[in-house]
Structures are given as C-alpha cells and as structure tokens.
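got a predicted structure plus its sequence, pasted below:
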Amino acid sequence: MKNIPSIQATPSQPRKLAALKQAHQDWSSASNVITRLTQRLSTTLALEEQLGILAEELSDIVPFDTLTYRHRIARQEFVYSTGLGGQHRCEYRLNLEGDFYGTLTICRRQRFSEEELQGIETLIGAAIYSVRNACRYIAIEQAALTDSLTGIPNKRALDDNLLRASSLSDRHGQAYSLILVDLDHFKQVNDTYGHVAGDHLLRRVGECLERALRTSDSVYRFGGEEFAVLLPHTGEQDARDVAERIRRTVSEITVDAGGERITATASFGVATHLKGEQPEQWVARADEALYRAKQKGRNRTEVFAAIA
Ligand SMILES: Nc1nc2c(ncn2[C@@H]2O[C@H](COP(=O)(O)OP(=O)(O)OP(=O)(O)O)[C@@H](O)[C@H]2O)c(=O)[nH]1
C-alpha cells in the first residue's frame, strides 16, 4: 500500500466548513446550463449516453436538426447521430491536450448566428473532458478484448460472443456456426525460422482470415496458433464451404524469412450450434472435429455433424 503523507492536526475551521456547505448547496441546486451539463455528464462513462446528454442540453439553447459525432476508437468506427436533415452545418474537431477525440457536426435548416456558434462552442468546451474520458474507456475496454500480436479479438471476446450467439440461436432459432482453425506443424516454423518469423506468420493468418470473411462474421485468436471464426445465419453445410475456402486461402500465404519462403497450412473443425447447448459444449464439438482433421492428416476440414 502507498504511504499516505501525515496530515498536520489543525484546529476546527467552522467558517470554512460553513462555506463548504454553502458551496455544495449552490452546486447541487445550480440551475445554470454548464453546471447541469457537467453534472449530468459525470454520471456516465458511456459515450453514447454522454452525446445524448450534450444533444439534449444543446437543443435547449440552440435548436438544431441533426447532431452527428464520429470517431475511430481502437480500430472501430464509433458513430452517434440524432435527428435528420439541415443544409447549414457547423463542424468541430474535438482536440484536447494534443489528442483528437472525434468530429461533431451540427446541422439545421436555418443559418446559425454568431451568438449561437459561440454558445455551441462553450457547451462543447464544457463537455470535452467527459468525452475524452469516455473515449479512453472504450479504448481500454477494446484493448482487454484484443489480441496484442494480431490486433484481432481475443479469447475473452470470443467467450462473450459465443454466449450471445448461443442465446440468439436458442431464442430465435438463428443458425450459428463455429470454425476452429489450427495451424499445422507450427512448432516446426518456430524451431526452423525463429519466433519472430512465427509471429509474422500468425499476423498474416489473422489478416487473411479477416479478409476472407463477410463483415457479419467475426474472427478471434483463440490460443497460440489457434483461431476461431463465428458465422451468424450459417448452417453446417455452408460453414463447411466457408472453412474450405479459408483453408485454400491460408495455404496460399507466403512469408519471407531472411530470403526463405515460409508457407502454412491449417486444419479446421466445424460445429453448428444445437438448441440448448452451452458455449463450452459447442466449442468442445468443434474441437473434436478439429482433432479428427489433425488425425486424418491435417490441411483439411472436418464437421461435427448434428444428428438429424
Ligand atoms: N511465434 C509464436 N509461436 C507461438 C505463439 N503461441 C504459441 N506458439 C507456438 O505454437 C506451437 C504450437 O505447437 P504444437 O501445439 O505442438 O502444434 P503444431 O506444431 O502446430 O502441431 P499440430 O497442431 O499438431 O499440427 C508451439 O511451438 C508454441 O510455442 C506465438 O504467439 N508466437
């Protein structure tokens, strides 16, 4: 535990205590817009909620038709928009202490007056520290769900999404398939060419998987040389076709290791979610299929078929 510096005992300060009480009363009953805005913003770290609060307080002072906020946070595009239309626009790039925290655009049918623009800027100035904190919070959350080597979502993100997929599949009968992908003889790559080359190959495989899939599909690094792909709206046969397509693409990857060309193959295990199945059982079936693919000689796809 950190050392807390000792605080000198001083006699009681009734005047200062009374002033503090008054300040608190003034603050909590403040009806001015800046105090109310910052008080409301401090109640949440969710960027979407903060932008909703800003839009509400702003529209009370400067009516507008549309407010849009855009920012790329940790590889993901964050967009918030409220309202519709308006050909006159004012746009603000939110910069604080040398860092950029997104673009806020406000539109409406009538032109904005100078006073109105000043009012907008004052409110944005009051909100920017909260917006900065909310952006940082998203970035930290994203980092906890991202694999640092490949930049793709990690096992924790997969666990969250498997849980969501299982419940969607159970409640709405939506078909979900899982593909586990394991590089073949990857230990040999490390042993022959070194870990740096091995890491390079893993990054290339991650990129290749991301490129090979639809935007609704998601890719994860599941373990060392193991990846997972989650396919919504996809039954067993289609998932097998996807796995086969990815398998062929992976086998075309080449990585240069000091003049030598490294190539890779991978084995694939496919399982489609069964009604009432827990995520662990689902993963275990895909893993069993993957094991069979390895046993049967690698560089192939096996499906853990649902019993009809
Ligand atoms: N370069 C690198 N290697 C890793 C990483 N994580 C795990 N590995 C290596 O991946 C290898 C996996 O080896 P094995 O589990 O024996 O599997 P394999 O050699 O691919 O053999 P099969 O899966 O049976 O085809 C081990 O050598 C690990 O050290 C990583 O982040 N970077």
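Good, I have the coordinates.

what ranges does the stretch 51-200 of the chain have for its helices?
Counting by DSSP state H, counting those that start in this stretch, the stretch 51-200 of the chain has helices at residues 114-144, 155-172, 186-193, 195-212.

can you read off the pLDDT for Lys2?
Note for Lys2: predicted pLDDT of 62.

what do you get for Asp60?
94.

could you list the domains of this structure?
31-144, 155-303 (automatic domain parsing).

just put those in a markdown table and tack on mean neighbour count.
All C-beta spots, glycine's among them, are computed from the backbone N, C-alpha and C. Converted to a markdown table, those look like this (neighbours: other CB atoms under 10 Å):
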| stretch | mean neighbour count |
| --- | --- |
| domain 31-144 | 15 |
| domain 155-303 | 18 |
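
closest one to the ligand among these?
domain 155-303 (2.4 Å; CB to the nearest ligand atom).

next, Lys275: phi, psi?
When read as degrees, to the nearest 10, the backbone of Lys275 gives phi -60, psi 130.

tell me how far it lies from Pro153.
In this view, Lys275 and Pro153 are 26 Å apart by CB to CB, to the nearest Å.

how long is stretch 101-117 end to end?
Between the opening and closing residues of stretch 101-117 lies a distance of 20 Å (CA to CA, to the nearest Å).

and that stretch, average pLDDT?
Mean per-residue pLDDT for stretch 101-117: 97.

how far off centre is it?
Stretch 101-117 sits 29 Å away from the centroid of its parent chain (CA atoms, centre = their mean, to the nearest Å).

other residues contacting it?
Identification of contacts with stretch 101-117 by CB atoms under 8 Å, 6 or more residues apart in numbering yields 58, 62-71, 78, 83, 85-95, 120, 124, 128, 131-132, 135.

give me that answer again for 7 Å
If you take CB atoms under 7 Å, 6 or more residues apart in numbering as the criterion, stretch 101-117 is touched by 62-71, 85-94, 120, 124, 128, 131-132, 135.

residue contacts, the nearest residue to Glu277 once chain neighbours are set aside?
Excluding the flanking residues, the one nearest Glu277 by CB to CB, 6 or more residues apart in numbering is Ser166, at 6.6 Å. By CB under 7 Å, 6+ apart, the residues touching Ser166 are His273, Glu277, Pro279, Trp282.

make it 10 Å
Shown in contact with Ser166 (CB atoms under 10 Å, 6 or more residues apart in numbering): Tyr176, His273, Leu274, Lys275, Gly276, Glu277, Gln278, Pro279, Glu280, Gln281, Trp282.

in a strand, that's where the fifth one is, yeah?
So the one you mean is Gly276. No: using DSSP: H, G, I helix; E, B strand; the rest coil, the assignment for Gly276 is coil, not a strand.

beyond the helix or strand His24 falls within, next helix or strand please.
If you go by DSSP states H and E, His24 is part of helix 14-28. Moving toward the C-terminus from helix 14-28, the next helix or strand (DSSP H and E) is helix 33-41.

dump the helices of the stretch 51-200 of the chain to a markdown table, plus distance to the ligand.
A markdown table is the format used below for these (distance: least, CB to the nearest ligand atom, whole Å):
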| stretch | distance to the ligand |
| --- | --- |
| helix 114-144 | 17 |
| helix 155-172 | 12 |
| helix 186-193 | 3 |
| helix 195-212 | 3 |
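
could I get the ones you listed as CSV with distance to Gly297?
Listed next are the helices of the stretch 51-200 of the chain as CSV, based on distance: least, CB to CB, whole Å:
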stretch, distance to Gly297
helix 114-144, 38
helix 155-172, 27
helix 186-193, 16
helix 195-212, 20
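
the inter-axis angle of the helix or strand encompassing Ala284 versus helix 155-172?
Assigned by DSSP H and E, Ala284 falls within helix 279-295. On the basis of axes from the mean of the first three to the mean of the last three CA atoms, to 10 degrees, helix 279-295 is oriented at 110 degrees to helix 155-172.

spell out the secondary structure type for the closest residue to Lys294 other than its chain neighbours.
Once flanking residues are discounted, Lys294 sits nearest to Ser267: 5.2 Å by CB to CB, 6+ apart. State at Ser267, reduced to three classes by three-state DSSP: strand.

confirm for me that Ser267 is in contact with Ala286.
No: taking contacts as CB atoms under 10 Å, Ser267 lies outside contact range of Ala286: 11.6 Å.

what do those two both touch?
In terms of CB under 10 Å, 6+ apart, Ser267 and Ala286 are both contacted by the residues Leu180, Val181, Glu302.

now, those that are in strands?
Leu180, Val181, Glu302 (DSSP state E).

and the pLDDT for Ala289?
pLDDT, read off for Ala289, is 98.

which ones are touching it?
Ala289 neighbours (CB under 10 Å, 6+ apart): 178-180, 240, 243, 267-271, 301-305.

element containing Arg245?
Using DSSP H and E, the element containing Arg245 is helix 236-250.
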